[in-house]
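Novice: Fold the following, please.
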Amino acid sequence: MKTILVPIDFTAAAEPTLAYANKLAVRWPAEIVLVYSQAGPELATEEREALKGRLETLAERLRYRELVRQDARRIRYSYEVVSGCLHDQVQALVARYGADLVVMGLEHTDCGKPATNGDNAVRITELVPCPVLVVPPGRRSLPTRMVYATDFGHLPLPTLPRLSALAGALPGTLELVQMYSPQQRGNLTYLKRAVAASKAQLAWPTITTKMVEDDDPIEGISDYCARTQAQLLILTPSSESELIRFFDKCYALTQAYHLQIPVLVLGQPAQQASTVCCERCAKELHNKSVEQLLVEASITKRPTSLT
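Specialist: Now for the predicted structure:
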């Protein structure tokens, strides 16, 4: 049985997050673990039970929202109340329940601090091994148009099966988008082969590919998602700083499209975080990774055509 961990802060913005998680749980199917963390000293037994009661009341109230009764009845919930900050407890919670996915709100409050444009979500993605789905406020359906944006030339191999594992929960068309700068035009053939190799490894029934040139990859992918009306953006950031910038407050102030839709952060597997001694070794490691992908996909001698 798959498991979705859903942190709840009892704010109004938490309700759309749980409603979205409910739809995923029915589609996958999966069990939902609702988690509430309260900053401060250890909770007394009576307080803990009262908070679990609030979680259960919330779950039962939202169980049938936007779902037919037959589907809603199938959702199984567990309730967890912890003392302290979520970011101090989330690793143990994910391990305890074997969570396959964390679903949290863009504005989730952690340790008494309201999120500033996803900064709490960024912290959680750095701590857990499973993907984190960040849901902005608002009512929405499961996506039918998804964009996976990353640097496929540097994508670690174990990332792709982890994404394929989510195909049942996220039906629809998946588009692989490789952003590149004008300075990378001479490397297009290599990048196209890497995108095609990744496509061959994924389990979605409908996958398309796209090469998009832009000086700024974050603004470029946001504009591209807006043009194509993408309903879910999937990211594998190359660095922590890239993810922090993705959620920067300036994009919230300008109402950038990528912060108006759910974002699935698919981190790089920890075992792939190799230490290299120099730039040359890093380049060799990167080339070896992509060539391995190409061999496994059996496409090294096939012509590749991407738009």
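
Novice: Show the pLDDT at the residue most central in space within the chain.
Specialist: Centrality entry for the chain: nearest residue to the mean C-alpha point is residue 264, 1.9 Å, by CA atoms, centre = their mean. On pLDDT, residue 264 comes in at 97.

Novice: Residues in a beta bridge with it, which ones?
Specialist: Assessed by DSSP bridges, residue 264 has beta-bridge partners residue 133, residue 234.

Novice: looking at it, it is touching residue 133, isn't it?
Specialist: Yes: using CB atoms under 8 Å, residue 264 is in contact with residue 133, at 4.9 Å. The C-beta positions use only the backbone N, C-alpha and C, and glycine is treated the same way.

Novice: ok, back up a step: got a list of what the residue nearest to the centre of the chain touches?
Specialist: Counting by CB atoms under 8 Å, 6 or more residues apart in numbering, residue 264 touches 131-134, 166, 170, 232-235.

Novice: Quick one: the residues you listed as CSV, columns for distance to residue 146, pLDDT and neighbour count too.
Specialist: Formatted as CSV, those follow (distance: CB to CB, whole Å; pLDDT from 0 to 100; neighbours: other CB atoms under 10 Å):
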residue, distance to residue 146, pLDDT, neighbour count
131, 13, 96, 23
132, 16, 97, 22
133, 12, 97, 26
134, 14, 95, 28
166, 10, 93, 21
170, 6, 91, 22
232, 4, 98, 21
233, 8, 98, 25
234, 6, 97, 25
235, 11, 96, 23
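
Novice: got any ranges where the stretch 201-307 of the chain has weak pLDDT?
Specialist: Along the stretch 201-307 of the chain, the model assigns pLDDT under 70 to residues 270-307.

Novice: Going along the chain, name the helices of it.
Specialist: Along the stretch 201-307 of the chain, counting by DSSP state H, counting those that start in this stretch, helices occupy 217-228, 240-246, 249-253, 279-297.

Novice: Roughly how far does residue 161 sit from residue 171?
Specialist: 18 Å (CB to CB, to the nearest Å).

Novice: The two - which one has more neighbours?
Specialist: The neighbour count for residue 161 versus residue 171, taken as other CB atoms under 10 Å, is higher for residue 171 (15 against 12).

Novice: is it true that the more buried one touches residue 142?
Specialist: Yes: with contact defined as CB under 8 Å, residue 171 reaches residue 142; the gap is 7.0 Å.

Novice: The nearest residue to residue 128 once chain neighbours are set aside is in what secondary structure piece?
Specialist: In space, residue 128 comes closest to residue 94 once its chain neighbours are excluded; the distance is 4.9 Å by CB to CB, 6 or more residues apart in numbering. Assigned by DSSP states H and E, residue 94 belongs to helix 86-97.

Novice: Please save the CA atoms from that helix in CSV.
Specialist: Extracted C-alpha coordinates of helix 86-97, given in CSV (Å, rounded to 0.1, in the frame of the first residue of the first chain):
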residue,chain,number,x,y,z
LEU,A,86,7.9,19.8,11.2
HIS,A,87,11.4,20.0,9.7
ASP,A,88,12.8,18.4,12.8
GLN,A,89,10.4,15.5,12.7
VAL,A,90,9.7,14.9,9.0
GLN,A,91,12.6,12.5,8.4
ALA,A,92,11.5,10.1,11.2
LEU,A,93,7.9,10.3,10.0
VAL,A,94,8.7,9.5,6.4
ALA,A,95,10.8,6.5,7.6
ARG,A,96,8.2,5.3,10.1
TYR,A,97,5.4,5.3,7.6
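
Novice: Give me the residues contacting it.
Specialist: Here helix 86-97 makes contact (CB under 8 Å, 6+ apart) with 3, 5, 7, 33, 35, 37, 78, 80, 82, 99, 102, 108, 110-111, 120, 123-124, 127-130.

Novice: Please identify which of the contacts of residue 264 is nearest to residue 176.
Specialist: residue 234 (9.4 Å; CB to CB).

Novice: residues in contact with that closest one?
Specialist: 146-149, 163, 174, 263-264, 266.

Novice: Do a quick rundown of the strands in this protein.
Specialist: Here the chain has its strands, by DSSP state E, at 2-7, 30-38, 77-83, 101-105, 132-135, 145-149, 173-180, 206-213, 232-235, 263-265.

Novice: okay if I get the ones you listed as CSV plus distance to residue 190?
Specialist: Formatted as CSV, the strands of the chain follow (distance: least, CB to CB, whole Å):
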stretch, distance to residue 190
strand 2-7, 36
strand 30-38, 38
strand 77-83, 46
strand 101-105, 32
strand 132-135, 30
strand 145-149, 18
strand 173-180, 10
strand 206-213, 12
strand 232-235, 21
strand 263-265, 26
